[in-house]
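Asks: predicted model and sequence below, questions to follow.
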Amino acid sequence: MSRNPPDSKPTAFSAELQALIDRFDDRPVRLGEILEATQGRGYYLLLLLIALPFVGPIPLPGVSIPFGLAVTLLGTRLALDRKPWLPQRLLRHEFPARSLGKLLGAVRRIMRGIEYFLRPRLAFVSDRAVFRRLAGLLIAISGLMLMLPLPLPFSNSLPAWTVILLAAGSLGRDGLFFILGCVSFALSVAYFTLVALGGMSVLDRLRGFFTGG
């Protein structure tokens with residue numbers, strides 16, 4: 001995967017998104033073409049495209065399983081320090097003309113807000129493979145969390161924000177975003193732990209009710 005030289009400022013990703021809109025918006029385009037055009041950074045774009053619909057507090061159980069699976073697959077490859085891989089069937093998925101522009105335009109507006117705070121810093125995080133692998137692992141686990149069909153507020157948004165922060169940090173070589181992503185991941189784990197403990201408590205009460213205990 002191509003990387004910017006450590007002493008150069010990465011191109012604003014919102015500008016890359018606008019270039020993609022200008023290049024592809026007037027015709028149908030396959031996902032593989034987008035990834036090729038972004039020279040490897042497109043996998044982080046894909047993570048952002050997948051995660052952004054889940055940032056609201058209301059869960060989206062109908063699509064969380066396939067999207068979470070894609071996040072887990074990409075995160076696992078990043079954790080293994082291997083080139084991200086997606087099935088050819090998904091790479092051949094074609095976006096109709098104009099629809100891609102609308103999707104990328106929405107992501108671009110959000111990315112412009114994120115980029116206001118995004119800048120190269122804490123270089124020891126972005127320059128060391130161990131932190132990149134850790135980010136991939138946290139992304140993969142967050143994908144598993146997204147796959148849980150829980151009709152509870154924030155059950156999608158917490159892992160989605162983990163993916164967004166870690167992916168944006170990788171795009172901008174921003175170690176602070178990596179740290180914020182780790183904090184978001186810790187909050188996600190705490191949330192799901194409390195949900196699990198609460199569920200166990202409910203089950204114990206139901207068992208006691210039916211057994212007369």
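Replies: That came through, no problem. Residues are numbered from 1 along each chain as shown.
Asks: give me the residue at the spatial middle of the chain.
Replies: residue 163 (3.3 Å; Cα atoms, centre = their mean).
Asks: how long is stretch 25-45 end to end?
Replies: 17 Å (Cα to Cα, to the nearest Å).
Asks: stretch 36-46 now?
Replies: Stretch 36-46 has an end-to-end distance of 12 Å (Cα to Cα).
Asks: where does the chain dip in pLDDT?
Replies: Scanning the chain for pLDDT under 70 picks out the ranges 1-12, 38-42, 59-63, 93, 99-100, 199-213.
Asks: where along it do the helices fall?
Replies: Here the chain has its helices, by DSSP state H, at 13-24, 31-37, 42-51, 61-79, 88-91, 99-115, 123-126, 129-147, 157-172, 175-211.
Asks: quick one, what contacts the residue nearest to residue 153 when sequence neighbours are not counted?
Replies: Once flanking residues are discounted, residue 153 sits nearest to residue 57: 4.7 Å by Cβ to Cβ, 6 or more residues apart in numbering. Every C-beta, even on glycine, is put in place using the N, C-alpha and C of the backbone. Residues in contact with residue 57 (Cβ atoms under 8 Å, 6 or more residues apart in numbering) are 153-154, 157.
Asks: going by distance to residue 76, which of those wins?
Replies: residue 157 (22.2 Å; Cβ to Cβ).
Asks: how close does that closest one sit to residue 54?
Replies: According to Cβ to Cβ, to the nearest Å, residue 157 stands 6 Å off from residue 54.
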